[in-house]
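K.L.:
Predicted model and sequence below, questions to follow.
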Amino acid sequence: MSRRGALDVVVAGGGVVGAATALMLAREGLQVALVEPKAPAPWQREVRDLRVYAFAPDNAALFGELGAWAGVLASRVQPYRRMQVWDAAGGDALAFEADTLGQPQLGWIIENNALVDALWRLLAAAGVRLHCPARIETLQQDEAGVRVGLDDGLVLEAKLAIAADGGQSALRTLAGIGTTRHDYHQQGVVAFVASEQPHRDTCWQRFLTTGPVALLPFNDDGDADVRGRLGSIVWTLPDADAQRLRDAEPAQFEEALAGAFGGELGGFRLQSARAAFPLQRQLAATHLAGRVLLLGDAAHVVHPLAGQGVNLGLRDVAALRDHVRAAKSRGGDIASPTRLARWARGRRSENTVNAHAFETINRVYSNDTLLPTLLRGHALGLAGKLPPLSRALWRHAAGV
């Protein structure tokens, strides 16, 4: 086995959160290695990624600081200026308007692979040591640091190891960190569709007793056939219904989708294949074990109804950046157990509150019992009629 030292941090996982973590730490002057089993495919304009995010302003600012935002904007993004949320059971809609909130836009709809591509283009030049393809197989740690063994026989020695390798994190398992998991017995059906009515740069979400259905406006690349009408849907359904509609004939699926939106956007036409992924809440018992930190899905997997999964993960990155800067400004050690424990407690608290809040919203709105049905639509309408409350809700989601 060969060894390579002089590292401050080893990051496991080269997705959005892992690549952003590695790039951020390198920008802060640290020696960083990134370990990823498979190099991401370059973003291609001709291929739409079904994994789409509603990207928040605070994380756009983080990407700007990392030098990656210009690359994202050069790919394919869709600003959204309005959000409308309403309940099939009745009541007024809750709407957020960029103009009312004094913002040029509320956020951006962006493909996963566009974000990853923009980050990976910067890693090598920033000094990040890339180990790809490579997998982490062993972990040893003590008071002096960590030793991470890769499947090619190389051992990386560093002050810290960061698990940003997803919900099935291998590094988290090696660190002995357990998780609690709740299966919603739901799946998210995703696809690109063209709506009969224009999306008007609006994110639409309707609560049904089976789960919410959402349409995110998507950049149509000037295609006249779908101009102003192309969208990405995330439709939460019980397992059996999700499988049935994923495999249904296109016409049957399109008719069901139009019904789910209550005719708000007219009819729909599929513009891609359909996929379905299981929904669950998974929370790590801790965000820190010795010198191993957890970020993103390795630490917290949440319900997608609020579109906050990747946003929460990148807020872990921003909080870690603040931790590193505070340590450097005081001439301290980034691996100080006291400071790391403070970071971990803060992130676990915020992420746990968010995860259970999303779950509560889903539970209240995804059932047909009498009392919640009578109250929930009116609660949305009330929030919409109280500007301070709606502004506070938006500021929380936007991270500002």
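P.N.:
The structure has been received and is ready for your questions. Because the structure is a prediction, the values reported are computed rather than measured.

K.L.:
now the residue nearest to residue 195 when sequence neighbours are not counted: how far from residue 88?
P.N.:
With sequence-adjacent residues excluded and distances taken as C-beta to C-beta, 6 or more residues apart in numbering, residue 195 is closest to residue 265, at 4.0 Å. C-beta here means a position set from N, CA and C on the backbone, and glycine is covered the same way. Applying C-beta to C-beta, to the nearest Å, the value for residue 265 to residue 88 is 14 Å.

K.L.:
which residues in the stretch 201-350 of the chain form helices?
P.N.:
239-247, 250-260, 309-329, 337-365 (DSSP state H, counting those that start in this stretch).

K.L.:
hey, which of those is tucked in deepest?
P.N.:
Highest mean neighbour count among the helices of the stretch 201-350 of the chain (mean count of other C-beta atoms under 10 Å): helix 309-329, with a mean of 20.

K.L.:
other SSEs contacting that one?
P.N.:
helix 16-27, strand 52-55, helix 57-66, strand 300-301, helix 337-365 (3 or more C-beta pairs under 8 Å, 6 or more residues apart in numbering; DSSP states H and E).

K.L.:
Which among the helices of the stretch 201-350 of the chain is found nearest to residue 142?
P.N.:
Checking the helices of the stretch 201-350 of the chain against residue 142 by C-beta to C-beta gives helix 337-365 as the closest, at 12.5 Å.

K.L.:
In the stretch 1-150 of the chain, where is pLDDT below threshold?
P.N.:
1-5 (pLDDT under 70).

K.L.:
how about the strands in it?
P.N.:
2-4, 9-12, 32-35, 52-55, 77-80, 82-87, 94-97, 107-111, 129-131, 136-142, 145-150 (DSSP state E, counting those that start in this stretch).

K.L.:
The longest one vs strand 145-150, what angle?
P.N.:
Compare the direction of strand 136-142 with that of strand 145-150 by axes from the mean of the first three to the mean of the last three C-alpha atoms, to 10 degrees and you get 170 degrees.

K.L.:
Parallel or antiparallel, list what pairs with strand 136-142.
P.N.:
Neighbouring strands of strand 136-142 in its sheet, by DSSP bridges, are strand 145-150 (antiparallel).

K.L.:
Residue 190 sits in which helix or strand?
P.N.:
strand 179-195 (DSSP states H and E).

K.L.:
Could you point out which residue ranges in the stretch 201-350 of the chain have low pLDDT?
P.N.:
In the stretch 201-350 of the chain, residues with pLDDT under 70: 305-308.

K.L.:
Am I right that residue 172 sits in a helix?
P.N.:
Yes. Assessed by DSSP: H, G, I helix; E, B strand; the rest coil, residue 172 belongs to a helix.

K.L.:
ok, now which ones touch it?
P.N.:
163, 165, 179, 284, 292, 294, 298 (C-beta atoms under 8 Å, 6 or more residues apart in numbering).

K.L.:
do residue 34 as well
P.N.:
Contacts of residue 34 by C-beta under 8 Å, 6+ apart are 11, 14, 18, 19, 22, 123, 128, 129, 130, 131, 132.

K.L.:
Show me what it bridges to in the sheet.
P.N.:
Beta-bridge partners of residue 34, as defined by DSSP bridges: residue 11, residue 130.

K.L.:
repeat for residue 216
P.N.:
Beta-bridge partners, per DSSP bridges, of residue 216: residue 232.

K.L.:
if I look at it, how far off is residue 311?
P.N.:
On the measure of C-beta to C-beta, residue 216 and residue 311 end up 14 Å apart.

K.L.:
Need the residues touching each of those two.
P.N.:
In contact with both residue 216 and residue 311: residue 54, using C-beta under 8 Å, 6+ apart.
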